[in-house]
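S.K.: just the structure for this:
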Amino acid sequence: MGILPRVLRACWRLMRLLVRGGAFPFRFRWFRHVAAVGAVGVTLAVAVTIATVSAAVALGAYSYTSGTRGFDISWPQCGGAYPATPFGFGIVGVADGRANTQNPCLASEYAWAKQGTGSTPSVYMNLNYGLTRGTCARKDKACQAYTYGFGAAQSAMRYAGAQAAVANMWWLDIETGNTWSSTTTLNAQVIHGALAGLLAAGMTVGIYSTPYQWGVIAGAYAPGVPNWSAGAPASDPASFCAAAHAFGGGVVWLAQYSNGNFDGNYACEQAPRDSIAGVVLGKRCQVAAGVGA
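M.R.: Sure thing, here's the model as predicted:
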């Protein structure tokens, strides 16, 4: 037996013992995952190592100038006009509407976003339900969902890098208009995997959704990351910075509203950067390389 199969088998056995013994006192105890509020569990991939990390992974400082307004654009704006300058900040979609797809206009849209006067560009990726077998057991859908999300995040980052769309602030677009499982815990695993993939690369990560859509898709899953809340009134977008419009245990950083032919966004003024403590990594079977979608 080669070294890799032995490591995989050892990791498998260790995690089973830990889970059965109650070593992970979190909301979910799926094998090879720690899907909990404020915890990032990293699943098995092609190569794994056993590691212990006790420090928090900082989610990053508030990425916008409080009180400024900007726009977000993506594949629907390809071939058309972009929002006129001046604007405070720009957010650009990396995908073409679904995970593991590519916005063909990313490079030009990112160049537009660089004209923001208040903040550097940030990006977002669409996400949906899917399964990637990887090294997961054939019937372990939780593992496969997590691996799919992790791989989708890696794919998005690779494409953004190839298009020179450099951003430290990434958002996950979580909407009911995309395809999701009827089992919210599986959807949560997809989201959890994508968050872990981006955080592992040192990104600041938040989630775009609404309290209603989040509940339908992810149920009680509460990762506690920044929120980009949709549906704000154009007359008072700052009203959506309130806790009533937050979801998943987070606080609202951005409020989206309709601004003519584009989506406008308001950067909340309460500087909520200190409300996010960070994500703690504990003992786990850690991804070393090779998670694909």
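S.K.: G161 versus the nearest residue to S74 once chain neighbours are set aside, what's the distance?
M.R.: With Cβ to Cβ, 6 or more residues apart in numbering as the criterion, S74 has its nearest non-adjacent residue at 2.6 Å, and that residue is G93. From N, CA and C alone the C-beta is placed, and that goes for glycine too. Here G93 is placed at a distance of 16 Å from G161 (Cβ to Cβ, to the nearest Å).
S.K.: and these two? which has more neighbours close in?
M.R.: Counted by other Cβ atoms under 10 Å, G93 and G161 do not tie: G93 has more neighbours, with 23 against 11.
S.K.: give the buried residues for stretch 241-260.
M.R.: Residues of stretch 241-260 classed as buried: 241, 245-248, 250-257, 259 (neighbour count, 16 or more other Cβ atoms under 10 Å).
S.K.: that one: how far from the chain's middle?
M.R.: 16 Å (Cα atoms, centre = their mean, to the nearest Å).
S.K.: how long is it end to end?
M.R.: Start and end residues of stretch 241-260 are separated by 21 Å (Cα to Cα, to the nearest Å).
S.K.: for it, what is the average pLDDT?
M.R.: Averaging pLDDT along stretch 241-260 yields 95.
S.K.: then stretch 102-114?
M.R.: pLDDT averaged over stretch 102-114 gives 98.
S.K.: pull the helix or strand with minimum mean pLDDT from this structure.
M.R.: Lowest by mean pLDDT, DSSP states H and E among the helices and strands of the chain is strand 47-51, with a mean of 27.
S.K.: just the terminal-to-terminal distance for stretch 199-215.
M.R.: 23 Å.
S.K.: what number of residues lie near D173?
M.R.: The local packing of D173 (other Cβ under 10 Å) involves 24 other residues.
S.K.: ok, the residue nearest to S74 touching V123?
M.R.: Yes - counting by Cβ atoms under 8 Å, G93 does reach V123; the two are 7.2 Å apart.
S.K.: name the nearest residue to D72, sequence neighbours excluded.
M.R.: Nearest one to D72, counting by Cβ to Cβ, 6+ apart, is I91 at 3.9 Å.
S.K.: quick check: bridge partners of the one you found?
M.R.: Taking DSSP bridges, one obtains D72, S122 as the residues bridged to I91.
S.K.: how close does it get to F71?
M.R.: Here the distance between I91 and F71 works out to 7 Å (Cβ to Cβ).
S.K.: ok, those two, which is more surrounded?
M.R.: I91 (28 against 24).
S.K.: who are the contact partners of that one?
M.R.: With contact taken as Cβ atoms under 8 Å, 6 or more residues apart in numbering, I91 is in contact with 70-73, 113, 121-124, 171, 265.
S.K.: if we go to 10 Å?
M.R.: Shown in contact with I91 (Cβ atoms under 10 Å, 6 or more residues apart in numbering): 64, 70-74, 109, 113, 116, 119, 121-124, 167, 169-171, 208, 228, 254, 256, 263, 265.
S.K.: for E109, same thing?
M.R.: Neighbours of E109 in contact, by Cβ under 10 Å, 6+ apart: 72-75, 77-78, 82, 90-94, 103, 121, 123, 163, 165.
S.K.: which of those residues are buried?
M.R.: Neighbour counting over those (16+ other Cβ under 10 Å) leaves 72-75, 77, 82, 90-94, 103, 121, 123, 163, 165 as the buried ones.
S.K.: and the strands in the protein?
M.R.: Residue ranges of the strands in the chain, as given by DSSP state E, are 35-36, 39-40, 47-51, 56-57, 69-73, 90-93, 122-126, 169-173, 204-209, 227-232, 252-259, 262-267, 279-280, 284-289.
S.K.: tell me the mean pLDDT over the fifth one?
M.R.: Taken as a whole, strand 69-73 carries a mean pLDDT of 98.
S.K.: may I have that strand as CSV, with CA atoms only?
M.R.: The C-alpha trace of strand 69-73 is given here as CSV (Å, rounded to 0.1, in the frame of the first residue of the first chain):
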residue,chain,number,x,y,z
ARG,A,69,-22.4,54.0,-2.6
GLY,A,70,-21.4,51.8,-5.5
PHE,A,71,-22.6,49.2,-8.0
ASP,A,72,-22.3,45.5,-8.8
ILE,A,73,-22.2,44.1,-12.3
